[in-house]
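Q: Sequence and predicted structure are below.
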Amino acid sequence: MKRPRIGVFKFTSCDGCQLSLLNLEDELLDFVGLFQVAYFREATDRPLRGHLDIALVEGSVSTERQRSHVVAVRERTRYLVTVGACATSGGLQALRNWADIDDYKNAVYPSPAIIETLPCSTPISDHVYVDYELWGCPVSSDELSETLGSFLLDKRPGIPGYSLCMECKRKGIPCLLIARSAPCLGPVTRAGCGVLCPSLERPCYGCFGPKEGANIDSLLNVFRKSGLSHHDCALLLDKMNTSAYRKARTREGPP
Ligand code: SF4
Ligand code: SF4
C-alpha cells in the first residue's frame with residue numbers, strides 16, 4: 001500500500017502542538033512507517049514538493065505572508081486538520097483583536113516600525129476550508145494519534161464533543177465548582193485533556209475551547225453569584241481561546 005503523504009505546518013504559535021506529535025513516543029516509529037513525512041520543519045529540513053494527503057496545521061494567521069501560505073497549503077492538500085488553540089481559534093495572540101495593534105507594537109517592540117503584522121490573529125478556518133479541528137493548548141497526543149489512525153482507516157476520529165464535566169464525573173473527581181465555588185470552566189469546555197486540572201484540584205481554564213452549544217453567560221452568572229467581578233470573569237475567558245469563547249457567548253462585549 002502506498003504510504004499517505006503528510007505535511008506539518010507552523011504559523012503563529014509556540015511549537016507546542018508539533019512537540020505533542022513528536023512526543024507520541026510509543027506510536028512515533030509506527031507513525032513514520034505508516035506515513036511518508038513529506039514536510040515537517042520541526043523534525044527535518046526536507047523541502048515541500050508535490051501534493052499531500054493530510055496537512056496538520058499549527059498556529060494562527062497573523063501576517064499577510066501567512067495568509068497566502070495557508071491558501072497554498074490548502075491547494076496541495078486533500079485533508080487539512082488544525083492542531084491546537086492557535087490554529088483552531090486564533091490563540092492567545094488573538095487578545096489583540098479587541099485592541100489597537102499599534103498600541104501593542106509600541107509597548108512590546110523597541111523598533112515597532114519594522115514589525116509586519118495583521119491587526120488581528122485569526123484561525124485557519126477564517127481563510128481556507130478545514131476538514132477537522134483538534135483543540136487544546138497544547139493539543140492532546142491521544143487525539144492526534146486517534147486522528148491519524150482514523151485517516152488510515154478512512155473513518156471519522158472518535159473525539160468527544162461533550163463537556164469536560166462528563167469526563168470529570170466518570171473519573172469520580174469531586175466537583176470544584178460545587179464543593180468549593182471555584183470558577184471552573186469545565187461545564188462549557190470540550191473534553192479531551194483527561195481532566196488534567198481538576199484531577200490536581202485546579203479549576204479548568206478552558207484550554208480545549210468552548211464545546212458546541214455552551215451556555216457561557218449562564219456559567220458566568222454562577223461565578224458572579226459566588227463573588228467574581230465582571231473583570232475577573234473576563235480574565236477567565238480571555239486566554240488561549242479568547243476569540244472562540246467570545247464568539248460562543250450569547251451576547252457581545254465584556255461580561
Ligand atoms: S470540577 Fe470542573 S470540570 Fe469537574 S465537574 Fe466540576 S465544574 Fe466540571
Ligand atoms: S482541565 Fe481545562 S485548562 Fe486544564 S488541561 Fe484540561 S481543558 Fe485545559
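A: Received it, and whenever you're ready, just let me know what you need. Numbers count the residues shown, from 1 in each chain. Ligands and ions are numbered 1, 2, ... in the order given.
Q: Could you pull up the contacting residues of residue 197?
A: Residue 197 sits next to 203, 204, 205 when contact means C-beta atoms under 8 Å, 6 or more residues apart in numbering. To be clear about C-beta, it is placed using only N, CA and C from the backbone, and glycine gets the same treatment.
Q: Try it again at 10 Å.
A: Contact analysis of residue 197 by C-beta atoms under 10 Å, 6 or more residues apart in numbering lists 164, 168, 176, 184, 185, 186, 189, 203, 204, 205, 206, 207.
Q: continuing past the helix or strand hosting the second one, what's the next helix or strand?
A: According to DSSP states H and E, residue 168 maps onto helix 164-170. Beyond helix 164-170 in the direction of the C-terminus, DSSP H and E gives the next helix or strand as helix 176-180.
Q: Residue 4 is in contact with residue 33, isn't it?
A: No: judged on C-beta atoms under 10 Å, residue 4 makes no contact with residue 33 at a distance of 11.9 Å.
Q: can you confirm residue 38 is in a helix?
A: No: under DSSP: H, G, I helix; E, B strand; the rest coil, residue 38 falls outside any helix and is assigned strand.
Q: quick one: it and residue 131, what's the gap?
A: Distance of residue 38 to residue 131, given as C-beta to C-beta, to the nearest Å: 17 Å.
Q: For the residue of the stretch 101-250 of the chain found nearest ligand 1, which residues are in contact?
A: Ligand 1 sits closest to residue 186 of the stretch 101-250 of the chain, with a gap of 2.2 Å, by C-beta to the nearest ligand atom. Remark: with contacts taken as C-beta under 10 Å, 6+ apart, residue 186 is in contact with 163-169, 173, 175-177, 195, 197-198, 203-206, 208, 211, 219.
Q: cool, and residue 26?
A: Residue 26 touches 141, 145, counting by C-beta under 10 Å, 6+ apart.
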